[in-house]
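Novice: Build me a model from this:
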Amino acid sequence: MSKAQRYLPVLLSVYIAFVFVQSLFFKFIDAPETQLIFGTLDAWAAGLIGVEGLFNPGGIFSAKVIGSAELVAAVLLLAGLVVPAWRILNPFGALLAFCIISGAIFFHLFTPLGIVVGNETVPGVDTTGTATDGGLLFFMAVGVWIASVILIGLQRDRLLGLIGKA
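Specialist: Okay, the predicted model is just below:
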């Protein structure tokens with residue numbers, strides 16, 4: 001096994017876990033940036049499909065729900081690296097990260113949220129106290145998406161072995 005094959009999964013897993021964990025504080029304390037993001041998405045969902053509250057606190061896609069899923073993905077990724085008997089958890093963490101971040105990228109690209117968060121004007125969403133992120137959240141999401149795809153690819157045999165295809 002080459003050094004790249006050995007250390008690339010570690011680097012990618014730590015990167016994904018870092019991105020997810022560093023954003024948890026903002027999601028769990030309901031920071032103004034988090035209110036802007038999830039308020040924008042809630043207003044979009046209410047206007048598009050008439051369903052209000054999906055992204056509000058208590059909604060099925062609230063910041064705390066998404067943050068909890070990101071925390072689980074980070075724990076799976078890191079536990080799969082640290083505990084040899086739990087190596088299978090790492091590709092599951094990568095799959096979960098891929099699903100979470102695919103949703104994030106979708107919402108950045110196809111809703112009023114946009115690539116640069118903080119530039120949007122959505123009726124009923126207070127933008128006071130928030131500044132534009134310059135696209136940082138979107139580009140970090142793309143980095144996580146690429147890292148999770150590479151991890152899934154590197155560990156596809158382990159995943160396929162679980163369903164009897166390897």
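
Novice: ok, Val117 to Lys27 distance?
Specialist: From Val117 across to Lys27, the span is 14 Å (Cβ to Cβ, to the nearest Å). Every C-beta, even on glycine, is put in place using the N, C-alpha and C of the backbone.

Novice: now Phe18
Specialist: From Phe18 over to Lys27 the distance is 15 Å, taken as Cβ to Cβ.

Novice: Centre-most residue in the protein?
Specialist: In the chain, the residue lying closest to the centroid (Cα atoms, centre = their mean) is Ile101, at 3.8 Å.

Novice: can you tell me how far it sits from Lys27?
Specialist: For Ile101 relative to Lys27 (Cβ to Cβ), the value is 14 Å.

Novice: List of residues touching the lowest-mean-pLDDT helix or strand in the chain?
Specialist: In the chain, the helix or strand scored least confidently by mean pLDDT, DSSP states H and E is helix 156-162, which has a mean of 81. The contact list for helix 156-162 (Cβ atoms under 8 Å, 6 or more residues apart in numbering) reads Arg87, Ile88, Pro91, Leu95, Ile152, Ala166.

Novice: Just the closest of those to Gly67, please.
Specialist: Leu95 (18.3 Å; Cβ to Cβ).

Novice: so who does the closest one touch?
Specialist: Ser148, Ile152, Leu159.

Novice: could you give the mean pLDDT of the strand or helix carrying Thr34?
Specialist: Secondary structure assignment for Thr34, by DSSP states H and E: helix 32-49. Helix 32-49 carries an average pLDDT of 90.

Novice: Most neighbours among the contacts of helix 156-162, which one?
Specialist: Sorting the contacts of helix 156-162 by how many neighbours each has (other Cβ atoms under 10 Å) puts Pro91 first, at 26 neighbours.

Novice: residues near the closest residue to that one other than its chain neighbours, how many?
Specialist: For Pro91, ignoring the flanking residues on the chain, the nearest one in space by Cβ to Cβ, 6 or more residues apart in numbering is Gln155 at 4.0 Å. The local packing of Gln155 (other Cβ under 10 Å) involves 20 other residues.

Novice: how far out from the middle of the chain is stretch 37-53?
Specialist: The chain centroid and the centroid of stretch 37-53 are separated by 19 Å, computed with Cα atoms, centre = their mean, to the nearest Å.
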